[in-house]
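Visitor: give me a model of this one.
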Amino acid sequence: MQLSPLHHIAVSELLNGFPHAIVVLDTGLRVVEMNCYLEALTGYSGTQAKGVYGSFILRCNLGPKNQYFYKVLETGEPISAEGNIISRDHKKIPIQFTISPLRSDKGEMMGLLVVLEDISLLQQTKSQRIYDGTEVILGHSPKMQEVFALMPVLAHTDASVLITGETGTGKDIIAEAIHKASKRARHPFIKVNCGALPESLLESELFGYVRGAFTGAVKDKPGMFRLAHDGTIFLTEIGDLPMPLQVKILSVLDDKEFYPVGGTQKVKVDVRIIAATHRDLREQIHLSRFREDLFYRLNVLRIHLPPLREREGDIRLLLDHFLREFNAKLNKSLKGFSTNAFNKLLSYAYPGNVRELRNIIEYAANICQGKRIRSEHLPQYIFTHQVSGSLPQPKAYDSGPREETEPPESYKPRAGNWNDIEKEMILQALTKTRGNRSQAAEILGWGRTTLWRKLKTHGLT
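Guide: Okay, the predicted model is just below:
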């Protein structure tokens with residue numbers, strides 16, 4: 001091995017910190033190190049690959065006898081080229097290769113650093129990813145481009161995935177997109193909200209039960225894990241999972257089997273687990289609310305969704321998209337936003353992220369009877385928020401007749417905390433649906449249980 005000096009540093013840990021598949025080759029084009037993302041992409045482990053010729057692991061088509069690799073060794077100039085690799089399970093994956101030379105302190109050629117970016121999903125468009133007829137993931141911002149680049153890597157492995165991000169950032173859409181791009185796409189995608197049910201009901205929901213397990217159990221019922229066999233189970237709000245059930249989930253991850261409630265025979269399943277949470281699980285571990293061993297079993301691969309306030313330029317894109325969506329749904333022909341309304345929407349902090357933005361546009365589109373959405377058509381609570389410091393200041397916008405510089409008196413900002421704002425949101429949703437709680441919960445992007453809990457918290461029951 002000619003790259004021995006690299007073994008004096010934690011190369012594998014360094015490479016795992018990058019969100020792309022990476023391999024280090026020596027001058028004989030043998031594998032020195034590869035990161036976990038390349039393991040997922042190729043199906044070979046780093047232990048299996050070390051010392052093996054890279055062409056046996058990558059199996060790529062970069063010219064006859066991989067001439068691009070030799071060209072970089074000869075010229076010392078990096079090369080970027082498109083090609084493909086054949087994975088261990090015989091899948092052909094389109095790849096953007098970036099091949100760079102590695103030199104010693106004295107300038108001697110030591111080997112190559114090869115970065116592989118899976119572009120199978122990225123070939124659709126640069127600014128939008130469509131995974132089925134209804135769900136669309138939009139984003140121009142650099143942070144969302146990082147997310148899009150990482151998703152194909154996660155799709156080509158069966159390892160557990162942990163998706164983190166604030167409420168409303170689209171974790172469920174990302175999870176389903178990963179499933180649909182994986183080899184399990186033909187099998188079920190089952191979603192379970194770990195915070196929506198009490199412990200006793202959640203256990204039977206996840207693992208099923210046998211007849212006679214409890215009063216009312218008149219026949220066997222398969223749980224969500226069994227229904228997800230050969231597919232993917234998405235455990236959203238995993239941070240709310242009760243401790244006793246965390247033990248059982250850990251057992252499923254380790255053994256691929258479990259006991260149904262009241263059962264004496266184990267059920268074997270082949271299920272991929274994708275988990276999501278808006279909570280800081282390390283803090284939950286410190287507070288003894290989440291098992292550390294479960295965290296490490298779930299956190300094999302991780303993807304973080306940025307809040308909307310950190311996605312520069314994406315708010316404009318989403319405003320246009322949702323306006324078109326509700327024009328079609330409501331059979332309207334809204335032309336856009338007035339200056340004040342548009343600038344307010346650009347400067348608002350969106351604590352509820354994309355889900356909240358969508359709800360705001362749905363509300364405004366329903367209320368507006370003219371051709372442009374004006375300030376008075378926006379929910380009152382958004383005027384109580386200050387401009388987010390991390391958001392870029394909006395550029396001047398003009399889409400027609402200008403409205404008053406200040407919003408009407410009844411919609412001017414007033415003091416209040418988040419509890420007041422959330423209460424007002426609930427009241428507006430209930431008013432809009434004439435007291436129908438199911439429809440109100442849908443408008444707010446919550447489950448019925450969540451709405452019931454918040455009604456009780458705010459004294460609205």
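
Visitor: where's the residue nearest to Asp240 when sequence neighbours are not counted, which helix or strand?
Guide: Excluding the flanking residues, the one nearest Asp240 by Cβ to Cβ, 6 or more residues apart in numbering is Gly195, at 3.3 Å. Any C-beta I mention is one placed from the backbone N, CA and C, and that applies to glycine too. Using DSSP states H and E, Gly195 is not contained in any helix or strand.

Visitor: now do the strands in the stretch 351-461 of the chain.
Guide: 372-373 (DSSP state E, counting those that start in this stretch).

Visitor: actually the stretch 51-200 of the chain, not the one I typed
Guide: Under DSSP E, counting those that start in this stretch, the stretch 51-200 of the chain gives strands at 79-86, 92-103, 109-118, 128-130, 136-138, 161-164, 189-193.

Visitor: what angle separates the second one from strand 109-118?
Guide: Taking axes from the mean of the first three to the mean of the last three Cα atoms, to 10 degrees, one finds strand 92-103 and strand 109-118 inclined to each other by 150 degrees.

Visitor: so what strands line up beside strand 92-103?
Guide: Its sheet considered, strand 92-103 pairs with strand 79-86 (antiparallel), strand 109-118 (antiparallel) by DSSP bridges.

Visitor: need the residues that contact it.
Guide: 3, 6, 24, 41, 60, 62, 68-69, 72-73, 76-87, 109-120, 123, 152, 156 (Cβ atoms under 8 Å, 6 or more residues apart in numbering).

Visitor: need the contact list for the closest residue to Cys60 other than its chain neighbours.
Guide: In this structure, Cys60 finds its nearest non-sequential neighbour in Ile85, 4.7 Å apart by Cβ to Cβ, 6+ apart. For Ile85, the contact set (Cβ under 8 Å, 6+ apart) comprises Leu41, Thr42, Leu58, Arg59, Cys60, Asn61, Lys92, Ile93, Ile95, Leu116.

Visitor: so can I have TSV of the residues you listed showing pLDDT?
Guide: Putting the contacts of Ile85 into TSV (pLDDT from 0 to 100) gives the following:
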residue	pLDDT
Leu41	79
Thr42	83
Leu58	84
Arg59	84
Cys60	84
Asn61	79
Lys92	81
Ile93	82
Ile95	85
Leu116	88
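
Visitor: whichever of the residues you listed end up buried, select them in PyMOL.
Guide: In PyMOL, this line selects whichever of the contacts of Ile85 come out buried by 16 or more other Cβ atoms under 10 Å:
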select buried, resi 41+42+58+60+93+95+116
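
Visitor: of the contacts of Ile85, which is the nearest to Thr449?
Guide: Leu41 (39.4 Å; Cβ to Cβ).

Visitor: quick one: which helix or strand includes that closest one?
Guide: When elements are assigned from DSSP H and E, Leu41 belongs to helix 36-42.

Visitor: what's the very next helix or strand once past that helix packed up against?
Guide: As assigned by DSSP H and E, the chain's next helix or strand after helix 36-42 is helix 46-49. Packed against helix 46-49, as judged by 3 or more Cβ pairs under 8 Å, 6 or more residues apart in numbering; DSSP states H and E, are the following elements: strand 31-34.

Visitor: and the strand it packs on, how far out from the chain middle?
Guide: Taking Cα atoms, centre = their mean, to the nearest Å, the mean C-alpha location of strand 31-34 is offset from the chain mean by 29 Å.

Visitor: what average pLDDT does it get?
Guide: For strand 31-34, mean pLDDT is 90.

Visitor: would TSV of the strands paired with strand 92-103 with distance to Trp452 be doable?
Guide: Rendered in TSV, the data for these read as follows (distance: least, Cβ to Cβ, whole Å):
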stretch	distance to Trp452
strand 79-86	51
strand 109-118	43
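
Visitor: sorry, back to before: quick one: pLDDT of the residue nearest to Cys60?
Guide: 87.

Visitor: bridged to it, which residues?
Guide: Cys60, Ile93.

Visitor: Leu25 too?
Guide: Val31, Leu112.

Visitor: how much space between it and His156?
Guide: 21 Å (Cβ to Cβ, to the nearest Å).

Visitor: of the two, who's got more company?
Guide: Leu25 (28 against 23; other Cβ atoms under 10 Å).

Visitor: which residues touch the more buried one?
Guide: Val31, Val32, Gly54, Phe69, Gly111, Leu112, Val114.

Visitor: for those, work out which two are farthest apart.
Guide: Once Cβ to Cβ is applied, the contacts of Leu25 give Val32 and Phe69 as the farthest pair, at 13.8 Å.

Visitor: looking at these two, which is more packed in?
Guide: Neighbours per residue (other Cβ under 10 Å) separate Val32 from Phe69, with Val32 holding more: 25 against 22.

Visitor: isn't the more buried one right up against Lys50?
Guide: Yes - in this structure Val32 lies within contact range of Lys50 using Cβ atoms under 8 Å: 7.1 Å.

Visitor: quick check, pLDDT for Ala396.
Guide: For Ala396, pLDDT reads 36.

Visitor: ChimeraX command to pick out the buried ones of the contacts of strand 92-103?
Guide: With 16+ other Cβ under 10 Å as the criterion, this ChimeraX line picks the buried residues out of those:
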select :3,6,24,41,60,62,68,69,72,73,83,84,85,87,109,110,111,112,113,114,115,116,117,118,119,120,152,156
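
Visitor: mind putting the contacts of Ile85 into TSV with distance to Glu146?
Guide: Output for the contacts of Ile85, formatted as TSV (distance: Cβ to Cβ, whole Å):
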residue	distance to Glu146
Leu41	17
Thr42	22
Leu58	23
Arg59	27
Cys60	24
Asn61	27
Lys92	25
Ile93	19
Ile95	18
Leu116	16
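
Visitor: which among the contacts of Ile85 gets closest to Val161?
Guide: Leu41 (14.5 Å).

Visitor: setting the sequence-adjacent residues aside, check what's closest to that closest one.
Guide: Here the residue nearest Leu41, using Cβ to Cβ, 6+ apart, is Ala21, at 4.6 Å.

Visitor: got phi/psi on that neighbour?
Guide: phi -70, psi 130 (degrees, to the nearest 10).

Visitor: just give me the neighbour total for it.
Guide: 27.

Visitor: who's it bridged to?
Guide: Applying DSSP bridges, one finds that Ala21 bridges with Leu116.

Visitor: who's in contact with it?
Guide: Met34, Asn35, Tyr37, Leu38, Ala40, Leu41, Thr42, Val115, Leu116, Glu117, Asp118, Val153 are the contacts of Ala21 under Cβ under 8 Å, 6+ apart.
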